[in-house]
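[1] quick one, fold the following:
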Amino acid sequence: MTGSALLAAAVRVEQVWLDALVSAGAAPADARADLARVVEGAGGLDDAALAEASEAGGNPVQPLVAALRAALAEAGSPAAASWLHRGLTSQDVLDTAVLLCAREAVGAVRRELGDQVAHLVAVVGEHRGTPAVARTLTQPAVPTTFGARAAGWLHGLLDADEALAALRWPVQLGGAAGTLSAVVELAGPEGARALRRSVPAALGLEASPPWHTRRTPLTRLGDAATTATDAWGRIANDVLVLGRPELGELRDGSAGGSSTMPHKANPTLAVLVRRAALAAPQLAATLHLGAAEQVDERADGGWHLEWQTLALLLRRTAVAAGQASDLLRGLQVDAGRMAERVWELGADVLAEQESMAGLTGRPAGETYLGLVDDLVDEALARAAAHLEGHPTTTSLEDQ
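    From the prediction side, this is the model:
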């Protein structure tokens, strides 16, 4: 969610609102204007100047509206300049623009997640019977399979995608204090009600009560993004631990080098994914702090706290999504080494089995894998159902 993307989204919100005012008969016909063409004719928006003016005005919408009105007046559209933004407040434009940008970012992340799920389905299927050592609190525990471990990864990705899919995208439309009083003054009560329906439809958003001091849409967005980075971080941690040379069961295919030690093959992608996973929860917590600090009909700082926080969280999430895809695509599984570790630890990983057999009085079974096959099948079935209709354009196998 870049600054230029946010400004473009804000211009789109202003365009839809201006068109809606004209279509509703609240504004005269000559107030209609193509804002994008007017901005282009004026040489574009000066992002640096708008950013500087945003600090003075407290938000970027005030200088944006001033710049648009000046461009409209210069282009010979005084009616459009006069009617632009009428009935809105800065928060209406900015909150709605933020959600438009966030929706694009979430769509990109979900496409990556869909590819990751499709790839992991193949990994789980290939390695469902690959013996491996399960470890708890860093120590060998019981036998498992790498397919079962990867099935756990798969569930985490599915949880993340479901959280992102459940997000709502409500328009923010409330006017100065959330009462839509200016809109009623301009268009009348019925006209205002019609605008509450037509504007979100034109933007592809949901009609909604004003949420200017109810920040659930953003805190849910932050939580869902963090759920995704949690899932990727869990995978990265396994790759980092099991990729240590003394274990050697997995390998990060990125294999970055060292500036001073030629023998090293650093697990670069896993490290970068873990970085995002470590940073995301604090950013989501900041969004919750801003939500808790809401007061009156517009917060004095809690609202302003969100902008850079959310932008940073979404950028890091989008970057981590691509890195996690690359990590899974290049992941190298040493099935032979995994089996060797099970054999080397022998009695240790079968100690629980011996104690259970002693309680029952029956001989120990040939394997000690419990319901691993059932659990793997459940993960694969969930993934298959989830991928039906998922917004994925390609699979990792085809890239």
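[2] who are the neighbours in contact with the residue nearest in space to the middle of the chain?
    Nearest to the mean C-alpha position of the chain, counting by C-alpha atoms, centre = their mean, stands residue 225 at 3.9 Å. By C-beta atoms under 8 Å, 6 or more residues apart in numbering, the contact list for residue 225 reads 106, 109, 164, 280, 284, 313, 314, 317. From N, CA and C alone the C-beta is placed, and that goes for glycine too.
[3] between those residues, which is nearest residue 366?
    residue 164 (42.7 Å; C-beta to C-beta).
[4] A helix includes that closest one, no?
    Yes: under DSSP: H, G, I helix; E, B strand; the rest coil, residue 164 falls within a helix.
[5] from residue 217, how far out is it?
    13 Å (C-beta to C-beta, to the nearest Å).
[6] about what we covered before: for the contacts of residue 225, could you give me JSON lines that also reports pLDDT and neighbour count?
    Listed next are these as JSON lines, based on pLDDT from 0 to 100; neighbours: other C-beta atoms under 10 Å:
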{"residue": "106", "pLDDT": "98", "neighbour count": "22"}
{"residue": "109", "pLDDT": "98", "neighbour count": "25"}
{"residue": "164", "pLDDT": "98", "neighbour count": "21"}
{"residue": "280", "pLDDT": "98", "neighbour count": "25"}
{"residue": "284", "pLDDT": "98", "neighbour count": "23"}
{"residue": "313", "pLDDT": "98", "neighbour count": "27"}
{"residue": "314", "pLDDT": "97", "neighbour count": "23"}
{"residue": "317", "pLDDT": "98", "neighbour count": "28"}
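[7] can you give me the helices in this structure?
    Along the chain, the segments classed as helices by DSSP state H run 3-23, 35-41, 47-57, 61-74, 78-83, 90-127, 146-165, 181-203, 216-242, 268-292, 306-330, 335-349, 351-360, 372-387.
[8] which of those helices has the lowest mean pLDDT?
    When the helices of the chain are compared on mean pLDDT, helix 47-57 scores lowest, with a mean of 86.
[9] which helices and strands does that helix pack with?
    helix 3-23, helix 61-74 (3 or more C-beta pairs under 8 Å, 6 or more residues apart in numbering; DSSP states H and E).
[10] which of the residues in the first one are buried?
    What that stands for is helix 3-23. Using 16 or more other C-beta atoms under 10 Å as the test for burial, helix 3-23 gives 6-22.
[11] before we move on, what about the shortest one?
    The neighbour-count check on helix 61-74 (16+ other C-beta under 10 Å) flags 61, 62, 63, 64, 65, 67, 68, 69, 71, 72 as buried.
[12] would you list the residues you listed in a markdown table and tack on distance to residue 193?
    Output for those, formatted as a markdown table (distance: C-beta to C-beta, whole Å):
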| residue | distance to residue 193 |
| --- | --- |
| 61 | 24 |
| 62 | 28 |
| 63 | 31 |
| 64 | 28 |
| 65 | 25 |
| 67 | 31 |
| 68 | 27 |
| 69 | 28 |
| 71 | 32 |
| 72 | 28 |
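[13] from these, which is closest to residue 145?
    Of those, the one sitting nearest to residue 145 (C-beta to C-beta) turns out to be residue 61, at 55.2 Å.
[14] how far away is that closest one from residue 26?
    Taking C-beta to C-beta, one finds residue 61 at 20 Å from residue 26.
[15] what do you get for residue 353?
    76 Å.
[16] cool, and residue 147?
    Counting by C-beta to C-beta - residue 147 and residue 26 are separated by 62 Å.
[17] which residues touch the closest residue to residue 46 other than its chain neighbours?
    Sequence neighbours aside, residue 67 is the residue nearest to residue 46 in space, at 7.5 Å (criterion: C-beta to C-beta, 6 or more residues apart in numbering). Counting by C-beta under 8 Å, 6+ apart, residue 67 touches 45, 46, 50.
[18] please tell me I have it right and residue 159 contacts residue 231.
    Yes: here residue 159 reaches residue 231: they are 6.6 Å apart, a contact under C-beta atoms under 8 Å.
[19] please say which of the two ends up with more neighbours.
    For residue 159 versus residue 231, neighbours defined as other C-beta atoms under 10 Å are more numerous around residue 231 (24 against 14).
[20] for that one, which residues are in contact?
    With the criterion set at C-beta under 8 Å, 6+ apart, residue 231 makes contact with 153, 156, 157, 159, 160.
[21] out of the residues you listed, who's nearest residue 254?
    For the contacts of residue 231, the nearest to residue 254 is residue 153 (17.7 Å; C-beta to C-beta).
[22] burial of the spatially closest residue to that closest one that is not a sequence neighbour, as a residue count?
    Excluding its sequence neighbours, the residue lying closest to residue 153 (C-beta to C-beta, 6+ apart) is residue 235, at 5.0 Å. Counted by other C-beta under 10 Å, the residues lying close to residue 235 total 27.
[23] mind giving me the domain split of this protein?
    3-88+173-202, 94-172+211-398 (automatic domain parsing).
[24] look up the pLDDT of the closest residue to residue 356 other than its chain neighbours for me, please.
    The spatial neighbour of residue 356 that comes closest, neighbours along the chain excluded (C-beta to C-beta, 6+ apart), is residue 364 at 8.0 Å. pLDDT for residue 364: 86.
[25] got the contact list for residue 364?
    Counting by C-beta under 8 Å, 6+ apart, residue 364 touches 350, 353, 354, 356, 357.
[26] now the buried members of those residues.
    By 16+ other C-beta under 10 Å, the contacts of residue 364 give 350, 353 as buried.
[27] would you convert the contacts of residue 364 into JSON lines that also reports distance to residue 390?
    Compiled in JSON lines, the contacts of residue 364 are given as follows (distance: C-beta to C-beta, whole Å):
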{"residue": "350", "distance to residue 390": "41"}
{"residue": "353", "distance to residue 390": "40"}
{"residue": "354", "distance to residue 390": "45"}
{"residue": "356", "distance to residue 390": "41"}
{"residue": "357", "distance to residue 390": "44"}
